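Chemist: The amino acid sequence is not available; the structure is as follows:
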């Protein structure tokens, strides 16, 4: 028999957002328990492993060679006819940064949480929330298959893209078909990748998404794809599109696959609600993934820090109410929402461009010395060279 | 359940990569991922086929 447990702050899921929440709640003095259904934190990896870096200091993560494979100089965007737009780090606003070893990264964040005082239970899955008087007061769980209960005034759903905690608690997190990408990635060796760049191929090669090449070392890269569900007609299309892309690129078709990773990524506008009485959602579970890039680590960690702090204070004050949790709801929105929304609009526009238009936009930007890559500067360059397509973007500005 | 199409999730590992894409996208929250086993609730599932599209490797079939 597993004994029932009580804690102040219960975190479901030990990914980056969960560990970050657990760490900051523990640092603020709360008794914290983080549960993880897997037997190993960070594994198996379900990530392209590309990550920006300008936010790390803000949340107290020290860069380490234990989880950084490569520090890239920039990103290269390939149009459908493979004209290249190079964005260096300064232009990208530090959007590009590291290619990481996600399992090592996740483990480091869990270590940070543990060292801050959080308890961690592995092989422990939540199976439902416990509600009393309309409030979430903990979860039913299974550890090594044995059922038990964990009670806590504050429960955090950090259970990732496939989040069920929020839905059990009555927070709508369902996604429309257009708001989700189906993703597949191979880690490939013996490829001709360039460790200075993260590469992105856009257009019909990946409807509603892109093909990515994230270099992990000389000759070793994550080669992956995301395709929008609303543009998928049959089965296994993510794999078919990716295999077709690789077949057409000799630098990669000669490679050897050493790993396959699948996953779902939300590309939705921000949720209307991420808290309810007794419960807060954070990270991918709260649909905080950047809808343009598909990146979720930075936003999950940034929101996690805010969430952990609010969770600890709610537990200490005995006020784990939806009203108190507005401090988190407002806090993460002030920090992240505007960009999430802006990038969602940009993604919607990108998805609507024909391959021809896309080629023209990238062509117009080639050879133009852009001081800074802003929407205004892009539009000006496009207007100078292809005035006829500027109309397509007017509504967008 | 009369006239319901059959839904099959291949989760023995021949196709399935246990990524959870189907779980996250199910509008009725009736698919469960338990490390290396995926199950769904036959009674709740309406065969909307969204999971079929979401699966990156084609491990879900509806016939």
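Modeler: All right, it came through fine. Quick caveat: nothing in here was measured; it's all calculated off a predicted structure. Residues are numbered from 1 along each chain as shown, chains lettered A, B, ... in the order given.
Chemist: tell me what the helix or strand hosting residue A:348 is packed against?
Modeler: Using DSSP states H and E, residue A:348 sits in helix A:326-352. When contacts are defined as 3 or more Cβ pairs under 8 Å, 6 or more residues apart in numbering or on different chains; DSSP states H and E, helix A:326-352 sits against strand A:275-276, helix A:297-317. Yep, even glycine has a C-beta here, placed from its N, CA and C like the rest.
Chemist: Packed most tightly, which of those would that be?
Modeler: With neighbours defined as mean count of other Cβ atoms under 10 Å in any protein chain shown, these peak in mean count at helix A:297-317, which reaches a mean of 25.
Chemist: That helix vs helix A:326-352, what angle?
Modeler: Angle of helix A:297-317 versus helix A:326-352, following axes from the mean of the first three to the mean of the last three Cα atoms, to 10 degrees, is 160 degrees.
Chemist: Tell me how far helix A:297-317 lies from the chain's centre.
Modeler: Taking the mean of its C-alpha atoms, helix A:297-317 sits 17 Å from the chain's own mean (Cα atoms, centre = their mean, to the nearest Å).
Chemist: Which strands and helices lie in contact with it?
Modeler: On a contact count with 3+ Cβ pairs under 8 Å, 6+ apart, helix A:297-317 meets strand A:9-12, helix A:16-27, strand A:50-52, strand A:154-157, strand A:279-281, helix A:326-352.
Chemist: C-terminal to the longest one, what's the next element?
Modeler: If I follow you right, that is helix A:326-352. helix A:355-365.
Chemist: Setting aside sequence neighbours, what's the nearest residue to residue A:77?
Modeler: Excluding the flanking residues, the one nearest residue A:77 by Cβ to Cβ, 6 or more residues apart in numbering or on different chains is residue A:85, at 4.3 Å.
Chemist: burial count for the closest residue to chain B within the stretch 151-300 of chain A?
Modeler: Nearest residue of the stretch 151-300 of chain A to chain B: residue A:236, at 2.8 Å (Cβ to the nearest Cβ). Neighbour count of residue A:236, defined by other Cβ atoms under 10 Å in any protein chain shown: 20.
Chemist: number of nearby residues for the closest residue to it other than its chain neighbours?
Modeler: In this structure, residue A:236 finds its nearest non-sequential neighbour in residue B:58, 2.8 Å apart by Cβ to Cβ, 6+ apart. Using other Cβ under 10 Å, residue B:58 has 17 other residues around it.
Chemist: surely residue B:58 meets residue A:239?
Modeler: Yes. With contact defined as Cβ atoms under 8 Å, residue B:58 counts as touching residue A:239 (6.8 Å).
Chemist: Grab the most central residue of chain B for me.
Modeler: Centrality entry for chain B: nearest residue to the mean C-alpha point is residue B:9, 5.0 Å, by Cα atoms, centre = their mean.
Chemist: give the contact list for the residue in chain B that chain A sits nearest to.
Modeler: Relative to chain A, the nearest point of chain B is residue B:58 (2.8 Å; Cβ to the nearest Cβ). For residue B:58, the contacting residues are A:235, A:236, A:239, B:15, by Cβ atoms under 8 Å, 6 or more residues apart in numbering or on different chains.
Chemist: Quick one: those as TSV, columns for distance to residue A:27 too.
Modeler: Output for the contacts of residue B:58, formatted as TSV (distance: Cβ to Cβ, whole Å):
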residue	distance to residue A:27
A:235	47
A:236	45
A:239	43
B:15	43
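Chemist: What lies in contact with the strand or helix carrying residue A:243?
Modeler: If you go by DSSP H and E, residue A:243 is part of helix A:237-247. Contact with helix A:237-247 is made by A:182-186, A:201, A:205-207, A:211, A:223-227, A:232, A:252-253, A:255, A:262, B:53, B:56-58, as judged by Cβ under 8 Å, 6+ apart.
Chemist: How far away from the center of its chain is that helix?
Modeler: Using Cα atoms, centre = their mean, the offset of helix A:237-247 from its chain centre is 22 Å.
Chemist: Can you give me the buried ones in that helix?
Modeler: Using 16 or more other Cβ atoms under 10 Å in any protein chain shown as the test for burial, helix A:237-247 gives A:237, A:238, A:239, A:240, A:241, A:242, A:245, A:246.
Chemist: before we move on, back to that, after the host helix or strand of the residue nearest to residue A:77, next one along is what?
Modeler: Secondary structure assignment for residue A:85, by DSSP H and E: strand A:84-88. Using DSSP H and E, the next helix or strand after strand A:84-88 towards the C-terminus is strand A:97-100.
Chemist: I'd like to know which elements that following strand is packed against.
Modeler: strand A:50-52, strand A:68-71, strand A:210-217.
Chemist: so can I have CSV of those strands showing distance to chain B?
Modeler: Converted to CSV, those look like this (distance: least, Cβ to the nearest Cβ, whole Å):
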stretch, distance to chain B
strand A:50-52, 18
strand A:68-71, 22
strand A:210-217, 13
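Chemist: and of these, who's closest to residue A:336?
Modeler: strand A:50-52 (12.9 Å; Cβ to Cβ).
Chemist: For the closest one, the averaged confidence score.
Modeler: For strand A:50-52, mean pLDDT is 93.
Chemist: Which positions within that strand qualify as buried?
Modeler: Buried residues in strand A:50-52, counting neighbours by 16+ other Cβ under 10 Å, are found at A:50, A:51, A:52.
Chemist: Adjacent strands (with direction) for that strand?
Modeler: With DSSP bridges as the test, strand A:50-52 is paired with strand A:97-100 (antiparallel).
Chemist: The next helix or strand after the strand it pairs with vs chain B: in contact?
Modeler: Remark: after strand A:97-100, the chain's next helix or strand is helix A:102-115, criterion DSSP H and E. No. Helix A:102-115 lies out of reach of chain B by Cβ under 8 Å from any Cβ of the partner chain, never closer than 13.7 Å.
Chemist: Would you mind pulling the contact partners of the helix or strand following helix A:102-115?
Modeler: Per DSSP H and E, helix A:102-115 leads on to strand A:119-121 as the next helix or strand towards the C-terminus. Strand A:119-121 is contacted from outside by A:7, A:14, A:22, A:32-36, A:41, A:110, A:113-114, A:143, using Cβ under 8 Å, 6+ apart.
Chemist: Much appreciated, bye for now.
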